[in-house]
Structures are given as C-alpha cells and as structure tokens.
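1. the following block contains a protein sequence and its predicted model.
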Amino acid sequence: MPHDTLSDEIALRIGLAARHLPDRDPARLLRVLADCTGLPPSAAALERLRIKDLKQAADGELADLDPDLLKSLLAYLKGEAGHDLAPAPPIEPYREGEMPGSIRVACASNGGDDLDGHFGAARRFLIYQVSAREARLIAVRETDEADTSEDKNAARTALIRDCQVLYVASIGGPAAAKVVKADIHPIKDAQGGSVQTRLQALQRVLSEKTPPWLAKVMGQDAEARVRFARSVDAA
C-alpha cells in the first residue's frame, strides 16, 4: 500500500471515532491525528496512541472532552471497538401497569446485555421494567438517530425520557446535568459487566427499605421518604 493512501480499515476506524465526537466532525479528529501520527495514520501509529496524545495534540483540540469519551475514541482508533455489535437479549412483552411497584431503567450498552457504555458513545440503551420480583427487557433503543442531532446529549436523554434510573459505565458532567434535569437518576458503574447483576442488586433494594432517592423516582410522597430517613437514623 502506498504511504499516502488511507486503507479502508483505518478510514472506518476514524469514521467510527469521529461519530462519537460532540460535533461529529471528522476534520477535527484528522487535525489531531495529523499532529499525533501524521497523515495518513498507519495501524502501527494508531496502536502507539495514548490518551495524553489525543489531549495535547493540535493545541489541545480535544482537551475539553470527558476522559471516558477519550478512552472510547482511542478504542475506535485502535480497532478495539465499533465492528460487531452483539445482539441484545430478546424483548419481553409488557403492558403499562402490569408490574405494580416497578420502575423503568435504562442501561447503556455496546453489545449483548453488558453494561459497558459511555453515555455519549453507547450504541444502544437497554430498557428494563424492574420490580422487586421481576425484571423484563421491554425495549432496545439504538442511538444512531439521536446522534444526528445538533445536541447529542439532549437527544440521547430524550431517548430514555420515560425512565427513572440510568445505569452507565461513565458519563460527563454536562450530560449528567441533562439527565438529572429530565428527572432520571444516573448511576455510574465503571466496573461494567452484566446488566443482570446490576438489576438483581436493584431488585434487592426494591424488596427492602427503599432509599430516599429511589423513593423519589418511584413517586412516593415526601412524607414517606422522611419516615424512611428517620427510621434509618434511628437504626
């Protein structure tokens, strides 16, 4: 391959990475890569890239991005993400109101039922209806259309606006502010792993004394939340 030719594989990596920039601007990423690796970048040069390189290149072009988002960009550039999207678990039937005492939970995922997505880069949200006794996957919402919006974080928040809780591997401050403003409680879990493990833990909480933040999202009145807080203080 001539040195001045960009391979299809590298072009795909750059395109997938640029797709997750807040402004989705490939030229912005290319300016950074030109400074870091020279153009066109080789696979070997991309493999040597580090987060500090992305932050410092092109006079700090990407320095303001959330560190977890930079990690995602680096994974795409190295070819470690973005190709095969494992299928989600099957959706289960659900009708509104048939799971009393339940809440709706969004989980940021990049494949299967893994909780491994950064809020601004996850490829889908798995939507579960969760009660103390049961957890059903009721929807899988892909993020492609939301990512065409000028304000990607707002569009992603709108995608899960019917949920009360969000599980995410990571989330930046501005995005978290939008989620909270939409009355969704974000829970950051950097360990990742199976969504089922997190839902089982949530079910145990639902079956015991409900903490105030969860009582609030479940719609319990203020008096009930105060009674719970007092009982915890007295314990």
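-> The structure has been received and is ready for your questions. Numbering: from 1, shown residues only.
2. element containing residue 106, please.
-> Element membership for residue 106 (DSSP states H and E) is strand 103-109.
3. cool, and residue 175?
-> Using DSSP H and E, the element containing residue 175 is helix 173-181.
4. identify all contacting residues around that helix.
-> With C-beta atoms under 8 Å, 6 or more residues apart in numbering as the test, helix 173-181 has contacts from 66, 119-120, 153-154, 156-157, 166, 171, 186. The C-beta positions use only the backbone N, C-alpha and C, and glycine is treated the same way.
5. the same query, at a cut-off of 6 Å, please.
-> The contact list for helix 173-181 (C-beta atoms under 6 Å, 6 or more residues apart in numbering) reads 119-120, 153-154, 157, 166, 186.
6. re earlier: what angle do the strand holding residue 106 and helix 173-181 make?
-> 160 degrees (axes from the mean of the first three to the mean of the last three C-alpha atoms, to 10 degrees).
7. which of the contacts of helix 173-181 fall in helices?
-> Among the contacts of helix 173-181, the ones falling in helices (DSSP state H) are 153-154, 157.
8. coming back round to it: nearest to residue 26 among the contacts of helix 173-181?
-> Using C-beta to C-beta, residue 120 is the member of the contacts of helix 173-181 that sits closest to residue 26, with 16.8 Å.
9. burial count for the closest one?
-> Using other C-beta atoms under 10 Å, residue 120 has 25 other residues around it.
10. and it, how far from residue 24?
-> To residue 24, residue 120 is 11 Å away according to C-beta to C-beta, to the nearest Å.
11. residue 107 and residue 214, how far apart?
-> Going from residue 107 to residue 214 by C-beta to C-beta gives 16 Å.
12. please say which of these two ends up with more neighbours.
-> When residue 107 and residue 214 are compared for neighbours, residue 107 comes out ahead with 29 against 19, by other C-beta under 10 Å.
13. wait, isn't that one in contact with residue 116?
-> No: Residue 107 lies out of contact with residue 116 (C-beta atoms under 6 Å); the separation is 9.5 Å.
14. many thanks, we can stop here.
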